[in-house]
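>>> Sequence and predicted structure, then a few things I'm wondering about:
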Amino acid sequence: MDVKELLQKIELYLNKEVILQGWIRNHRKQKEFGFIDFSDGTCFNHIQLVYDSKLSSFDEIQKYHIGSAIEAKGILVKSEGAGQDYEVKVSEIKLLGDCPEDYPMQPKRHSDEFLREQAYLRARTNKYQAVFRVRSVAAMAIHEYFQSHNYVYVHTPLITTADCEGSNQMFKITTLDFNKLAKDKDGNVDMSKDLFNKLAFITGTGQLHGEAYAMSFKKIYTFGPTFRTENSNTKTHANEFWMIEPEIAFCDLNGLMDIEEEMLKFVVNYVLEKCDTEITFLDKWVQPGLREKLTKLINSKFTRISHHDVVDILNKSNINWEFKPSYDDDIAKEHEKYITEYFNGPVFITNWPKDIKAWYMKENSDHKTVAAVDLEVPGAGELMGGSQREDDYEKIIKRAKDMNVDLDVVDWFVNLRKYGGCYHSGFGMGFERLLIYLTGVENIRDVIPFPRTPGNCLY
């Protein structure tokens, strides 16, 4: 039986015999009694097992170590002690997997740095039980939202020749022997000898392939791993992470913002409902005020403002910025923080300078900006980035050439504008960025089960 089922149907099992399998999280031993803090991982809450010296195996049970796997049989009763409402009065405990006394996950507070070095064990701590359960529920919420709104879930390729992010940010893959690289007549590596007969990458985005399917299904989304070679050791960057990337046909920039706002509120509300215990724990021990922050977002009206007007506000603030706001450049973290505080809530920043945005974004009539949007949220900064896509065949070719994009590689993508193309939009949201916001955890390394970051590829 699962502890989750037991606690959900407590009246059904009260005063009845139950059998549980799980792990010892703590073990308090007394002369005539023993108390085991027991968890099977099916829910955040634990249950207490109580045994006494009347058991023939009492002395043996008292030797069981923290971390050991056990099977316990006993009667579920109302607890006579403080700290829990119910407990299991044990009649039998079997040791299924022993654990040595130097087990790293002892019942005390460990630093995040230490736990990253024990990534294969850290999910046994309360903090990471909460974090990774929220991760699981948030993933389900994303699927629930899109599936209930008639989107098709598309599995875009992880191996691609479409260099959407720039090859300097993408991992190259090969089957060639590095010690015996074939060279062409110019002395370059001869990729025609490789498995795919050309240079291939591990994907940095599913967007381009997603757009192809949006032109067939109207509304699609991708949700899967992506990879970047960026050598950045910040709290918000990793080399392997998950992305949610919807693409919607017959949707302009305003329609896209409607979808982003609705989807985010749905996911946050879903997590608050399904992970009430975990959010309570994280609110107390990780980020005080977390529940209030998430609840406020659900009830907020998201502001919509152009990049130009944001820079106006920043320049009129009389603040001595570390990075001077510019109408031609991106905005800095300090600017993101200020603007969400200025509007006291989430902010959509639209119509960005075209020279700092991607080649496939739709150019506005001013010929200086593109129909792009970033969503800034209080306490986290940029959470989503999207745009209306360029749907004019001639314009996207010109833009690609201006940006030195190899049209031979993306000709199929450009051709979507020829074969029944239409106005369409899409956005991307880093799943781990969302999890940082949902859990209050500050470092992306702590919302990924086995993080891949520069200099770190453990396990």
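In hand now; what should we look at?

>>> Look up phi and psi at the residue lying closest to Ser232 once chain neighbours are set aside.
Nearest residue to Ser232, sequence neighbours excluded (C-beta to C-beta, 6 or more residues apart in numbering): Pro454, at 7.0 Å. In this view, the C-beta of every residue, glycine as well, is placed from N, C-alpha and C. Backbone torsions of Pro454, given as degrees, to the nearest 10, read phi -50, psi 130.

>>> so what's Pro454 up against?
The contact partners of Pro454, taken as C-beta atoms under 8 Å, 6 or more residues apart in numbering, are Asn231, Ser232, Asn233, Asn239.

>>> How about Lys31?
Listed by C-beta under 8 Å, 6+ apart, the contact set of Lys31 reads Ser53.

>>> Gln388 now?
Contacts of Gln388 (C-beta under 8 Å, 6+ apart): Cys251, Asp252, Leu253, Leu256, Met361, Lys362, Ala371, Ala372, Tyr423, His424, Ser425.

>>> Neighbour-wise, give me the winner out of these.
Neighbour count (other C-beta atoms under 10 Å) singles out Ser425 as the most crowded of those, with 30 neighbours.

>>> which residues does Glu363 bridge with?
Val370 (DSSP bridges).

>>> ok, it - how many residues close by?
By other C-beta under 10 Å, neighbour count at Glu363 equals 19.

>>> wait, isn't it in contact with Arg399?
Yes - here Glu363 reaches Arg399: they are 7.1 Å apart, a contact under C-beta atoms under 8 Å.

>>> joint contacts of the two?
Counting by C-beta under 8 Å, 6+ apart, the residues touching both Glu363 and Arg399 are Glu390.

>>> which of the contacts of Pro454 lies closest to Thr161?
Nearest to Thr161 out of the contacts of Pro454 is Asn239 (C-beta to C-beta; 20.3 Å).

>>> And that closest one, how far from Met403?
24 Å (C-beta to C-beta, to the nearest Å).

>>> So for these two, which sits in the more crowded spot?
Using other C-beta under 10 Å as the criterion, Asn239 and Met403 rank with Asn239 on top: 18 against 14.

>>> and stretch 121-130, what's its mean pLDDT?
For stretch 121-130, mean pLDDT is 96.

>>> With only the CA atoms kept, save it in PDB.
The C-alpha coordinates for stretch 121-130 follow below in PDB (Å, rounded to 0.1, in the frame of the first residue of the first chain):
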ATOM      1  CA  LEU A 121      20.600  10.800  -3.000                       C
ATOM      2  CA  ARG A 122      19.300  14.300  -2.500                       C
ATOM      3  CA  ALA A 123      15.700  13.500  -3.500                       C
ATOM      4  CA  ARG A 124      15.500  11.700  -0.200                       C
ATOM      5  CA  THR A 125      15.600  15.100   1.700                       C
ATOM      6  CA  ASN A 126      12.400  17.100   2.400                       C
ATOM      7  CA  LYS A 127      13.500  20.000   0.300                       C
ATOM      8  CA  TYR A 128      14.100  18.000  -2.800                       C
ATOM      9  CA  GLN A 129      11.100  15.800  -2.200                       C
ATOM     10  CA  ALA A 130       9.100  19.000  -2.400                       C
END
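
>>> Centre of the chain to it, how far?
Offset of stretch 121-130 from its chain centre (C-alpha atoms, centre = their mean, to the nearest Å): 17 Å.

>>> Buried ones in it, by neighbour count?
Within stretch 121-130, the residues scored as buried using 16 or more other C-beta atoms under 10 Å are Arg122, Ala123, Arg124, Thr125, Asn126, Lys127, Tyr128, Gln129, Ala130.

>>> Give me the contacts around it.
Residues contacting stretch 121-130 (C-beta under 8 Å, 6+ apart): 23, 25, 39, 41, 44, 67, 104-105, 110, 115-116, 132, 275, 278, 281-282, 285-286, 439, 446, 449.
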